[in-house]
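Asks: A structural model of the following input is requested.
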Amino acid sequence: MSEDSNYVKNLSLLKTSKAEYPQTPDAAILETFDNRFGCRDYWVTFDCPEFTARCPVTDQPDFGSITIRYVPDRKCIESKSLKFYLYAFRNHNTFQEEAVNRILEDLVAACSPREAIVEGTFKPRGGIGISVTATHNNDSAQ
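Replies: Residues are numbered from 1 along each chain as shown. From the prediction side, this is the model:
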């Protein structure tokens, strides 16, 4: 491995072709790599149009899309680990509002972005669709 590639040496999921999906978000690992362009602000956008979680009361699946936008600071989220993390919600019981806020909190814990926005747009169930937006800004972080 060259000196220049040392910043990716800890990416274990990307190095394997075997797909072992975690069963819960708690079991998932959001892997990161060093941001080589931390001297500037730029937005990274992930789009997950097939997000699924389960209602904690009815156990019915909730289908929707999740869009994650963030400005990295020192670390960037590796996309394969994010895919596995989001997949882990498929059998997880949570309200849609909780899922969006949990994703934001886990993203912030993993990479401490300068800014982050997580948006969830969920398909109607019982005649009502739900959209949830959660934001993080390092300037206003507690």
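Asks: which parts of the longest helix along the chain are buried?
Replies: When the chain is parsed with DSSP state H, its longest helix is helix 96-111. Within helix 96-111, the residues that count as buried by 16 or more other Cβ atoms under 10 Å are 96, 99-104, 106-108, 110-111. Yep, even glycine has a C-beta here, placed from its N, CA and C like the rest.
Asks: from those residues, which is closest to Phe122?
Replies: Ranked by distance to Phe122 (Cβ to Cβ), these are led by Gln96 at 5.0 Å.
Asks: That closest one and Pro124 touch, don't they?
Replies: No - shown here, Gln96 and Pro124 do not form a contact pair, counting by Cβ atoms under 8 Å, at 11.6 Å.
Asks: show me where pLDDT drops low in the chain?
Replies: Residue ranges of the chain with pLDDT under 70: 1-17, 140-142.
Asks: and the buried residues of helix 96-111 as JSON lines, adding distance to Arg90?
Replies: Output for the buried residues of helix 96-111, formatted as JSON lines (distance: Cβ to Cβ, whole Å):
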{"residue": "Gln96", "distance to Arg90": "14"}
{"residue": "Ala99", "distance to Arg90": "11"}
{"residue": "Val100", "distance to Arg90": "16"}
{"residue": "Asn101", "distance to Arg90": "18"}
{"residue": "Arg102", "distance to Arg90": "14"}
{"residue": "Ile103", "distance to Arg90": "14"}
{"residue": "Leu104", "distance to Arg90": "19"}
{"residue": "Asp106", "distance to Arg90": "16"}
{"residue": "Leu107", "distance to Arg90": "19"}
{"residue": "Val108", "distance to Arg90": "23"}
{"residue": "Ala110", "distance to Arg90": "20"}
{"residue": "Cys111", "distance to Arg90": "23"}
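Asks: State the pair within those that is farthest apart.
Replies: Put simply, by Cβ to Cβ the two of these set farthest apart are Gln96 and Cys111, 23.5 Å from each other.
Asks: how about the helices of this protein, start to end?
Replies: The residue ranges that make up the helices of the chain, judged by DSSP H, are 79-87, 96-111.
Asks: Can you lay out the ones you listed as CSV showing distance to Thr45?
Replies: Shown next, in CSV, are the helices of the chain (distance: least, Cβ to Cβ, whole Å):
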stretch, distance to Thr45
helix 79-87, 11
helix 96-111, 13
